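J.: build me a model:
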Amino acid sequence: MRLLVHGQQAFGKAVLESLLNRGENIVAVYGPEDAKSGVDPLIAEAHERNLPVYQPKSFRNNNSVAEECKKLKADLCVMAFVTKFVPSSFLNIPTHGTIQYHPSLLPLHRGPSSINWPIIKGSTETGLSIFWPDDGLDTGPILLQKKVQIEPEDTLGSIYFEKLFPMGVDAILEAVDLVRAGNAPKVQQDHSSMTYESWCRSKDSEIFWSRSIEDVHNLIRGCNPSPGAWSTINGQVIQIFDCRRDDLIKGKPGVVTAIREGCFGVACASGGIWVKRLRLQGRGKILSSEFVSTQNLSVGDVFGS
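T.: The predicted model follows:
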């Protein structure tokens, strides 16, 4: 088949590489415009492979973009991590339409931060969906899905990079094969069961120590590495990343209860956490031992104040 690859960043690059490495015919690559910070990894890889590259500012009401796409005579478009809205008038140009990767078990966790929220909400399972996008937000029919377990110490980083990233690349290859064979499913989503969450941003990631140890631990894990769960202490904003829960910690919520073995304990409403790695606002990540020694942290200091 004649394939278009539309995506960005490391995942888009990995999908392009995998398709090319097994001999697929990639007729063009679509991706984001060049930024001041540099060229997107997918776009850079496409240039390296001497593939035609298209970087439209918008796909909405853009007849010139649609006409360019029609000239490519593609059989299928593969969308690998796309954040711009792409209307059905563009999605349906390839002979077999467009398939898209989404890192959740649709219809659950539609939206842009679909890996963060299952962890934050305490789910023990998530997964990925390859679906047929339409004009809705993650609402199109399902082609295939894969499940993964969220282990007690998993973070946003481990779920994505160790599970959903590699599994997602393989799932896209599997989906392309199903389309080529002519037996790719189109299973309608149960919209009555849908959930939607917007971006997980700083306003969503503040730690409230009066909540349960489960809620605090899940928030920190679900925001590690981005956007970073945060609290304040001695007038400073601190983002907490690596931590370990401890049901035996006792104390008033937010109070530093102990400092030992390079970590410090902070009490929640029930139990508490041992903080192992953090970041002061505007600085790089550091071990808790460095924070203790440079910031004169003491038992009895209070987070959230």
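
J.: what ranges do the helices span in the stretch 201-305 of the chain?
T.: Along the stretch 201-305 of the chain, counting by DSSP state H, counting those that start in this stretch, helices occupy 213-222, 288-295.

J.: and the first one, what does it pack onto?
T.: Taking 3 or more Cβ pairs under 8 Å, 6 or more residues apart in numbering; DSSP states H and E as the contact definition, the neighbouring helices and strands of helix 213-222 are helix 116-120, strand 229-233, strand 243-246, strand 272-275. (C-beta placed from N, C-alpha, C; glycine too.)

J.: what about dumping the CA coordinates of it to PDB?
T.: Extracted as PDB, the C-alpha positions of helix 213-222 are listed here (Å, rounded to 0.1, in the frame of the first residue of the first chain):
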ATOM      1  CA  ILE A 213      -2.000   8.200  50.900                       C
ATOM      2  CA  GLU A 214      -3.500   6.500  47.800                       C
ATOM      3  CA  ASP A 215      -4.600   9.900  46.300                       C
ATOM      4  CA  VAL A 216      -1.200  11.600  47.000                       C
ATOM      5  CA  HIS A 217       0.900   8.700  45.700                       C
ATOM      6  CA  ASN A 218      -1.200   8.300  42.600                       C
ATOM      7  CA  LEU A 219      -1.000  12.000  41.800                       C
ATOM      8  CA  ILE A 220       2.800  12.000  42.100                       C
ATOM      9  CA  ARG A 221       3.100   8.900  39.900                       C
ATOM     10  CA  GLY A 222       0.600  10.100  37.300                       C
END
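
J.: what angle do strand 229-233 and that helix make with each other?
T.: Relative orientation of helix 213-222 versus strand 229-233 (axes from the mean of the first three to the mean of the last three Cα atoms, to 10 degrees): 110 degrees.

J.: which of the helices of the stretch 201-305 of the chain sits most buried?
T.: helix 213-222 (a mean of 23; mean count of other Cβ atoms under 10 Å).

J.: next, the contact list for the residue nearest the centre of the chain, please.
T.: For the chain, the residue whose C-alpha lies nearest the mean C-alpha position (Cα atoms, centre = their mean) is residue 115; its distance is 4.9 Å. For residue 115, the set of contacting residues under the criterion of Cβ atoms under 8 Å, 6 or more residues apart in numbering consists of 103, 104, 126, 156, 159, 160, 164.

J.: give me that answer again for 10 Å
T.: Residues in contact with residue 115, defined by Cβ atoms under 10 Å, 6 or more residues apart in numbering, are 103-104, 109, 126, 128, 150, 155-157, 159-160, 163-164, 200, 222, 226.

J.: among those, name the ones in strands.
T.: Using DSSP state E, the members of the contacts of residue 115 that fall in strands are 126, 128.

J.: show me which of the contacts of residue 115 are buried.
T.: Restricting the contacts of residue 115 to buried positions leaves 103-104, 109, 126, 128, 150, 155-156, 159-160, 163-164, 200, 222, with burial counted as 16 or more other Cβ atoms under 10 Å.

J.: returning to what we had before: quick one: the residue nearest to the centre of the chain from residue 168, how far?
T.: When distances are taken as Cβ to Cβ, to the nearest Å, residue 115 and residue 168 turn out to be 11 Å apart.

J.: shared neighbours, those two?
T.: The contact sets of residue 115 and residue 168 overlap at 103, 128, 160 (Cβ under 10 Å, 6+ apart).

J.: what's the helix or strand for the residue lying closest to residue 185 once chain neighbours are set aside?
T.: Computed as Cβ to Cβ, 6 or more residues apart in numbering, the closest residue to residue 185 that is not its neighbour in sequence is residue 143, at 5.7 Å. When secondary structure is defined using DSSP states H and E, the element that contains residue 143 is strand 142-149.
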